[in-house]
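>>> I need the structure of the sequence given here:
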Amino acid sequence: MKKGDKVRFLSEIGGGIVAGFQGKDIVLVEDEDGFQIPVRVNDVVVVENDDYHVNPIAPEPKSHEEKDYDPADRPVTFRAEPEERKGGDALSVYLAFIPVDPREMTRTKFEAYLVNDSNYYVAYSYLASEGANWSMRSVGEIEPNTKLFIEEFDKEGLGTLERVAVQLMAYKRGKSFMLKPTVDVQLRIDTVKFYKLHTFQENDFFEEPALLYTVIENDQPSRPLVIDAKKLRQEMARKASNDVGPQVVRPARKQVKDEPVVVDLHAGELLDTTAGLTAADILNYQLDVFRKKMDEYKNHHGAKLIFIHGKGEGVLRHAIIHELDYRYKGCRYQDASFREYGYGATQVTIK
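Sure, this is the predicted structure:
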């Protein structure tokens, strides 16, 4: 900018010709009437015509984000690589269950986790059996030496977890590594254990007691649920060839065809402790055991089941009779042999 330049004001309408300067920051602008107006150099702009009557250019308002911008608010995009630990190159993965409220074992929900106790990333799928088919319950990736929450379920959801499968593929990122075979393990979950507090033990992975099932440990997968008949025959033949000395053959106990299945429904036989449980809680649990056993044998026509419920006030017996009358109408029932089972037992025959 120099004397004689035509300028326009930025913050108001008007302008003129540069008549001189006052110091470094002030310019004298002579308007149409010959008056010299002192203006800051930053408040004028050089123009090529005499049209000074242009609306002033207002500075763009700062957005709310720019106004409150703080570099510390920027999202963290850097992620440090997980540290490897000594001995962690042997693959170990566990399926863990934890009660949400251990003080209410008959009502509590449960959380399921996968624990990756190795230096490998693990891609996993977690499935539950539905007869001959399977349903996917969770799929994803677990970072090295971490545990991952996979689902929460309640008492009703326990019945869908009696047989589960875990499939794994292990790898490392940004470095070479020893190749691990893929893992496909089926596990049978004992759902009755979920109502016994002592089932959940102290462990190295959680602050709370947990029930752990081994998927793979030190590169050795858990024993498969489905037994390979060929391998079983080979193992039996190998063991027989290694046995030394005379063999003592003991006659096997003869299986009685109509031998009944005996189920003791006393709370003391089913639960480690009844502390904190109401009478209704205990009764509901006993009936759950009764229903599971009836469902297990529903296709075993002619099978006899003995349910020992005790004499007491007859509450459990009446509840069982009600179940038989309405839920299992096709089954016959009668008092079981007093000589063998006492007064408090009911015999059910599956039709």
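>>> residue nearest the centroid of the chain?
Nearest to the mean C-alpha position of the chain, by C-alpha atoms, centre = their mean, lies Ile150 at 1.4 Å.
>>> Excluding covalently adjacent residues, which one is nearest to it?
Closest residue in space to Ile150, ignoring its immediate chain neighbours: Ser138 at 4.1 Å, by C-beta to C-beta, 6 or more residues apart in numbering. For every residue, glycine as well, the C-beta is placed using N, CA and C.
>>> Equivalent analysis for Met294, please.
Tyr328 (5.8 Å).
>>> helix, strand or coil for Phe290?
Taken by DSSP: H, G, I helix; E, B strand; the rest coil, the conformation at Phe290 corresponds to helix.
>>> That one: what's it in contact with?
263, 265, 307, 320, 323 (C-beta atoms under 8 Å, 6 or more residues apart in numbering).
>>> Those residues in strands, which ones?
Using DSSP state E, 263, 307 are the members of these that sit in strands.
>>> Please tabulate the contacts of Phe290 in CSV and include neighbour count and pLDDT as additional columns.
Formatted as CSV, those follow (neighbours: other C-beta atoms under 10 Å; pLDDT from 0 to 100):
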residue, neighbour count, pLDDT
Val263, 19, 91
Leu265, 23, 90
Phe307, 26, 92
Ile320, 22, 91
Glu323, 17, 90
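>>> Tell me where the stretch 1-150 of the chain is predicted with low confidence.
Residues of the stretch 1-150 of the chain meeting the criterion pLDDT under 70: 49-74, 76-80.
>>> Tell me how many other residues surround Ser176.
Using other C-beta atoms under 10 Å, the number of residues around Ser176 comes to 6.
>>> can I see the domain layout of the chain?
According to automatic domain parsing, the chain comprises the domains 6-46, 93-225, 261-349.
>>> In JSON lines: those domains, plus distance to Lys86.
Shown next, in JSON lines, are the domains of the chain (distance: least, C-beta to C-beta, whole Å):
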{"stretch": "domain 6-46", "distance to Lys86": "64"}
{"stretch": "domain 93-225", "distance to Lys86": "9"}
{"stretch": "domain 261-349", "distance to Lys86": "39"}
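>>> Please identify the one among these that comes closest to Pro75.
Pro75 lies closest, by C-beta to C-beta, to one member of the domains of the chain: domain 93-225, at 19.2 Å.
>>> Name the nearest of the contacts of Phe290 relative to Glu162.
Nearest to Glu162 among the contacts of Phe290, counting by C-beta to C-beta, is Val263 at 17.6 Å.
>>> For the stretch 151-300 of the chain, which residues score under the pLDDT cut-off?
223-258.
>>> mind redoing it with 80?
223-258, 272-278 (pLDDT under 80).
>>> Do a quick rundown of the helices in it.
Secondary structure of the stretch 151-300 of the chain by DSSP state H, counting those that start in this stretch: the helices cover 229-242, 267-270, 279-296.
>>> Just the CA atoms of the longest one, as CSV, please.
Output for helix 279-296, consisting of C-alpha atoms alone and laid out as CSV, is shown next (Å, rounded to 0.1, in the frame of the first residue of the first chain):
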residue,chain,number,x,y,z
ALA,A,279,-38.5,-71.2,50.5
ALA,A,280,-39.8,-70.2,47.1
ASP,A,281,-36.3,-69.9,45.7
ILE,A,282,-35.4,-73.5,46.9
LEU,A,283,-38.7,-74.9,45.6
ASN,A,284,-38.2,-73.3,42.1
TYR,A,285,-34.7,-74.7,41.9
GLN,A,286,-36.0,-78.2,42.9
LEU,A,287,-38.7,-78.0,40.2
ASP,A,288,-36.1,-76.9,37.6
VAL,A,289,-34.1,-80.1,38.4
PHE,A,290,-37.3,-82.2,38.1
ARG,A,291,-38.2,-80.7,34.7
LYS,A,292,-34.7,-81.1,33.3
LYS,A,293,-34.7,-84.8,34.3
MET,A,294,-38.1,-85.4,32.8
ASP,A,295,-37.1,-83.7,29.6
GLU,A,296,-34.0,-85.8,29.4
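>>> Tell me, how many residues neighbour the residue nearest to Leu324 when sequence neighbours are not counted?
Nearest non-adjacent residue to Leu324, counting by C-beta to C-beta, 6+ apart: Tyr333, 5.1 Å away. By other C-beta under 10 Å, the residues close to Tyr333 number 17.
>>> Give me the phi and psi angles of Lys109.
Dihedral pair for Lys109: phi -90, psi 170, per degrees, to the nearest 10.
>>> hey, what's Ile37 bridged with?
Val29 (DSSP bridges).
>>> from now on call the first residue 53
Shifting the count to begin at 53 puts that one at Ile89.
>>> Pretty sure it sits against Asp83.
Yes: Ile89 lies in contact with Asp83 (C-beta atoms under 8 Å); the separation is 6.3 Å.
>>> which residues do those two both contact?
Joint contacts of Ile89 and Asp83 (C-beta under 8 Å, 6+ apart) are Gly68.
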